[in-house]
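S.K.: Generate coordinates for the sequence data below:
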Amino acid sequence: MTNKIAPTAPPDRPAPAPASEPTPSGTAAAPPRATRLHGIASLVEQTARAVHDLCWTTDMQAAQWSALRYFGKAGERARNVVGLARYQGTNPGTASRTIGTLVRRGLLAVVVSPDDKRARIVSLTEAGRTLLTQDPLLVVETAIAAMPPEAQEGLSTGLRDLLGRLLSAGADGSGTEDHGEDV
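M.R.: Numbers count the residues shown, from 1 in each chain. From the prediction side, this is the model:
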């Protein structure tokens with residue numbers, strides 16, 4: 001068994017204050033790096049949960065709202081099952097079921113591509129476009145709009161970097177290198 005001795009400050013200087021106590025200047029010392037990183041990760045989790053919860057409405061699930069948003073912005077070549085699966089970080093079977101549900105509800109339409117008869121193009125219907133005007137994510141946009149421009153830019157940069165690192169690490173289960181590029 002090894003005796004561990006806590007480091008001490010030189011006799012002419014006081015020992016550093018623990019992170020939870022104020023420093024002699026009266027300000028709180030910065031928390032240890034691990035504690036700070038855990039706190040940031042917790043904030044990301046809480047924010048993600050709050051956004052996800054906003055998107056669970058009585059008639060729509062979060063993945064369905066995400067699909068409507070995707071098909072409302074994606075270019076024609078990306079408006080298909082595989083495009084949605086990549087965007088949502090899921091598999092084509094799950095994306096296909098989401099599309100099927102939204103088609104049955106009259107929010108999406110699927111047509112054969114005029115360029116390739118094997119390909120299908122998914123589009124919003126008028127009802128889908130109308131429903132998107134009630135998108136719960138608009139609450140998030142409003143909250144971000146209330147932030148100062150520098151905070152918006154920092155948030156955008158930080159989240160884009162974080163998402164890219166998580167996707168590169170395979171956190172979405174796909175192991176893809178798509179770094180959340182805009183649709």
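
S.K.: What segments of the protein are strands?
M.R.: Taking DSSP state E to define them, one finds strands in the chain at 108-112, 120-124.

S.K.: Report all helices and strands that the lowest-mean-pLDDT helix or strand in the chain contacts.
M.R.: Lowest by mean pLDDT, DSSP states H and E among the helices and strands of the chain is helix 33-54, with a mean of 90. Counting contacts by 3 or more CB pairs under 8 Å, 6 or more residues apart in numbering; DSSP states H and E, helix 33-54 is packed against helix 137-145. C-beta coordinates here come from the backbone N, C-alpha and C atoms, glycine included.

S.K.: could you check the angle helix 33-54 makes with the helix it packs on?
M.R.: 140 degrees (axes from the mean of the first three to the mean of the last three CA atoms, to 10 degrees).

S.K.: Just give me the residue right at the centre of the protein.
M.R.: residue 48 (6.4 Å; CA atoms, centre = their mean).

S.K.: got any ranges where this protein has weak pLDDT?
M.R.: Counting by pLDDT under 70, the chain shows low-confidence ranges at 1-30, 58, 171-183.

S.K.: quick one, helices of it?
M.R.: Under the criterion DSSP state H, the chain contains helices at 33-54, 62-73, 81-88, 92-104, 126-132, 137-145, 149-168.

S.K.: So which of the ones you listed is nearest residue 113?
M.R.: Nearest to residue 113 among those is helix 81-88; the distance by CB to CB comes to 12.7 Å.

S.K.: by how many degrees do the closest one and helix 92-104 diverge?
M.R.: Angle of helix 81-88 versus helix 92-104, following the same axes, to 10 degrees, is 110 degrees.

S.K.: And helix 81-88, how far out from the chain middle?
M.R.: 15 Å (CA atoms, centre = their mean, to the nearest Å).

S.K.: Show residues contacting it.
M.R.: Taking CB atoms under 8 Å, 6 or more residues apart in numbering as the criterion, the residues outside helix 81-88 that touch it are 63, 66-67, 70-71, 74, 77, 91-92, 94-96, 98-99, 120, 122, 174, 176, 178, 183.

S.K.: Just give the number of residues close to residue 46.
M.R.: Residues within reach of residue 46, counting by other CB atoms under 10 Å, total 10.

S.K.: Okay, it and residue 31: tell me how far apart.
M.R.: Per CB to CB, to the nearest Å, residue 46 is found 18 Å from residue 31.
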